[in-house]
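Peer 1: Turn this into a model:
(one chain, ligands or ions: 1)
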Amino acid sequence: MSTTDTIIYLDHNATTPMKPLVLDAMLPYLEGASGNPSSIHSIGIQARRGVEEARASLASALSCAPEEIHFTSGGTEADNWAIKGLSAVKGAGRIVTSAIEHHAVLHSCQYLKDMGREVIYVPVDAHGTLDLEVLEANLDETTSLLSIMHANNETGSLQPVEEAGRMARERGIPFHVDAVQTFGKLPVHPSQLNADAVSISAHKINGPKGVGALYVGAGTTIEALMHGGEHEGGLRAGTENVASIVGFGRAAQLCQAELDRASERWRHLRDRLEAGLSAALDDVVINGHGGRRLTNTSSIAFTGVESEAVVMGLDLAGIAVSSGSACASGLADPSHVLLAMGLEPRLAASSVRFSIGWSNDQEEIDRVVEVVPEVVTRLRALSVFEN
Ligand code: PLP
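Peer 2: Numbering: from 1, shown residues only. This is a model prediction of the structure:
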């Protein structure tokens with residue numbers, strides 16, 4: 001099934017199509033006899049080799065040691081593990097995070113809060129950037145965990161993780177970074193971020209769905225989330241998802257090779273999209289504009305319409321985008337990220353996310369700049385909102 005051949009796909013922060021070279025790398029591990037990497041016969045050894053080569057590719061991308069990479073079932077598991085596993089080590093001190101984290105982090109923190117832990121949600125400014133003063137005021141030697149995302153999935157706003165990590169390190173607080181949206185788009189080096197744990201996910205970088213990893217720095221103590229066999233250094237039990245892990249490694253190699261070039265290409269396309277839509281329509285607000293953002297992400301509020309209606313209208317025209325975060329789409333509530341940035345609920349509910357990727361080109365962006373104003377103008381004429 002290849003629907004992306006016929007549609008303009010601008011929802012790469014939700015997921016990305018797999019690159020053909022990634023599929024090629026995976027196929028030998030899906031076809032025929034595919035061994036268990038823990039088996040000591042030759043087919044098992046082949047599978048082990050695939051897993052370890054992928055681990056080495058990820059370690060090279062993150063500039064860390066292969067033993068520091070632990071495969072998981074995706075970014076959500078990596079986030080859950082980091083929050084629950086790190087915060088369990090240092091007593092019952094408070095957990096500090098931001099108001100704009102992905103639900104994988106927020107709901108893990110909520111789970112711990114329901115168990116009696118104190119959780120602090122540090123606010124962001126109008127650009128969606130973490131307030132470092134409030135952060136610092138909430139950290140002390142008893143804090144058991146700091147978790148801050150590298151870039152936000154809805155707006156692309158980049159967070160001052162290096163500074164946050166420095167504050168954590170000075171106080172001996174374990175520091176987790178959710179880098180699911182930056183890995184493959186920007187250099188992500190845990191040592192530069194002062195991070196003890198970093199979550200990444202394959203399906204955001206043109207790899208397969210259902211596989212991710214948690215970097216855990218040597219010397220960092222973390223409790224296991226999954227119990228069973230001695231897989232992944234005894235920290236994450238379960239027979240490895242060999243083919244997907246191999247695909248993850250290949251996807252990481254491919255995006256590392258074109259990191260700078262891709263980022264500049266996306267910046268050009270995003271700026272063309274934002275300039276084109278701002279020129280063609282009145283009352284367009286680019287959320288987080290003016291702050292440091294990922295070059296591929298544009299969150300745009302079209303005043304007077306509901307984002308779900310825009311998404312459906314564009315879908316009918318062959319353009320795939322999302323309202324808020326993909327994980328939150330289908331929910332009527334306006335995005336917690338946009339509300340945390342101080343947007344009026346009505347403006348937040350009018351916001352659509354365009355996220356550019358590997359296969360997009362200028363012709364597609366020009367088509368989107370043509371179609372979006374038609375859809376929004378039609379919806380504004382019908383809108384129940386007051387314009
Ligand atoms: N963290 C962030 C910032 C994300 O954007 C996502 C996915 O949208 C996740 C975590 C969850 O990753 P996965 O889909 O691999 O579970």
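Peer 1: give me the residue from the protein nearest the ligand.
Peer 2: residue 75 (2.5 Å; Cβ to the nearest ligand atom). From N, CA and C alone the C-beta is placed, and that goes for glycine too.
Peer 1: Next up, the contacts around the nearest residue to that residue once chain neighbours are set aside.
Peer 2: For residue 75, ignoring the flanking residues on the chain, the nearest one in space by Cβ to Cβ, 6 or more residues apart in numbering is residue 201 at 3.5 Å. Counting by Cβ atoms under 8 Å, 6 or more residues apart in numbering, residue 201 makes contact with 74-75, 78, 180, 183, 211-212.
Peer 1: mind running it again at 10 Å?
Peer 2: 15, 72-79, 104, 178-181, 183-184, 207, 209-213, 248 (Cβ atoms under 10 Å, 6 or more residues apart in numbering).
Peer 1: Now do the contacts for the residue of the chain closest to the ligand.
Peer 2: Residue 75 sits next to 102, 104-105, 153, 178-181, 183, 199-204, 211-214 when contact means Cβ under 10 Å, 6+ apart.
Peer 1: Give me the subset of these that also touch the ligand.
Peer 2: 102, 104, 153, 178, 180-181, 201, 203, 212 (Cβ under 6 Å from any ligand atom).
Peer 1: so of those, which ones are in strands?
Peer 2: 178, 201, 212 (DSSP state E).
Peer 1: ok, the second one to residue 181 distance?
Peer 2: Which is residue 201. 9 Å (Cβ to Cβ, to the nearest Å).
Peer 1: Distance check, residue 256 against residue 249.
Peer 2: Going from residue 256 to residue 249 by Cβ to Cβ gives 11 Å.
Peer 1: Which of those two has more residues huddled nearby?
Peer 2: Between residue 256 and residue 249, residue 249 has the larger neighbour count (other Cβ atoms under 10 Å), namely 31 against 17.
Peer 1: excluding its backbone neighbours, what's nearest the more buried one?
Peer 2: Excluding its sequence neighbours, the residue lying closest to residue 249 (Cβ to Cβ, 6+ apart) is residue 54, at 2.7 Å.
Peer 1: Count the neighbours of that neighbour for me.
Peer 2: 30.
Peer 1: Residue 22 is in contact with that one, correct?
Peer 2: No - Residue 54 lies out of contact with residue 22 (Cβ atoms under 10 Å); the separation is 11.1 Å.
Peer 1: Between these two, which contacts overlap?
Peer 2: By Cβ under 10 Å, 6+ apart, the residues touching both residue 54 and residue 22 are 202, 207, 244, 246-253.
Peer 1: For the residue nearest to residue 75, give the beta-bridge partners.
Peer 2: Here residue 201 sits in beta bridges with residue 212, as judged by DSSP bridges.
Peer 1: Where does pLDDT dip in the chain?
Peer 2: Residue ranges of the chain with pLDDT under 70: 1-5, 324-332, 384-387.
Peer 1: Now the residue in it sticking out farthest from the centre: closest residue in space that isn't a chain neighbour?
Peer 2: Distance from the C-alpha centroid of the chain, by Cα atoms, centre = their mean, peaks at residue 41 (37.6 Å). The shortest distance from residue 41 to any non-neighbouring residue, by Cβ to Cβ, 6+ apart, is to residue 35 (7.0 Å).
Peer 1: Also residue 164?
Peer 2: Nearest residue to residue 164 in three dimensions, chain neighbours excluded: residue 148, at 4.9 Å (Cβ to Cβ, 6+ apart).
Peer 1: Residue 202 versus the one you found, what's the distance?
Peer 2: The span separating residue 148 from residue 202 equals 22 Å under the rule Cβ to Cβ.
Peer 1: And residue 28, by the same measure?
Peer 2: From residue 28 across to residue 202, the span is 18 Å (Cβ to Cβ).
Peer 1: Looking at those two, which is more packed in?
Peer 2: A count of neighbours by other Cβ under 10 Å puts residue 202 above the other of residue 28 and residue 202, at 34 against 13.
Peer 1: show me the contacts for that one.
Peer 2: 15-16, 18, 22, 54, 58, 71, 74-75, 180, 183-184, 208-213, 241, 244-245, 247-252.
Peer 1: For residue 362, see how far away it is.
Peer 2: Applying Cβ to Cβ to residue 202 and residue 362 gives a distance of 28 Å.
Peer 1: and if you look at residue 298?
Peer 2: Residue 298 is 15 Å from residue 362, by Cβ to Cβ.
Peer 1: One more: residue 178?
Peer 2: For residue 178, the distance to residue 362 - Cβ to Cβ - is 31 Å.
Peer 1: what residues does the protein put near the ligand?
Peer 2: Close to the ligand, as judged by Cβ under 6 Å from any ligand atom, the chain has residues 74-76, 79, 102, 104, 149, 153, 178, 180-181, 201, 203, 212, 327.
Peer 1: All the helices of the stretch 151-300 of the chain, residue numbers only.
Peer 2: 161-170, 231-234, 242-257, 259-280 (DSSP state H, counting those that start in this stretch).
Peer 1: Out of those, which one sits most buried?
Peer 2: Among those, helix 242-257 has the highest mean neighbour count (mean count of other Cβ atoms under 10 Å), at a mean of 24.
Peer 1: so what secondary structure elements neighbour that helix?
Peer 2: In terms of contacts (3 or more Cβ pairs under 10 Å, 6 or more residues apart in numbering; DSSP states H and E), helix 242-257 is packed against helix 20-30, helix 42-62, strand 69-72, strand 197-201, strand 212-216.
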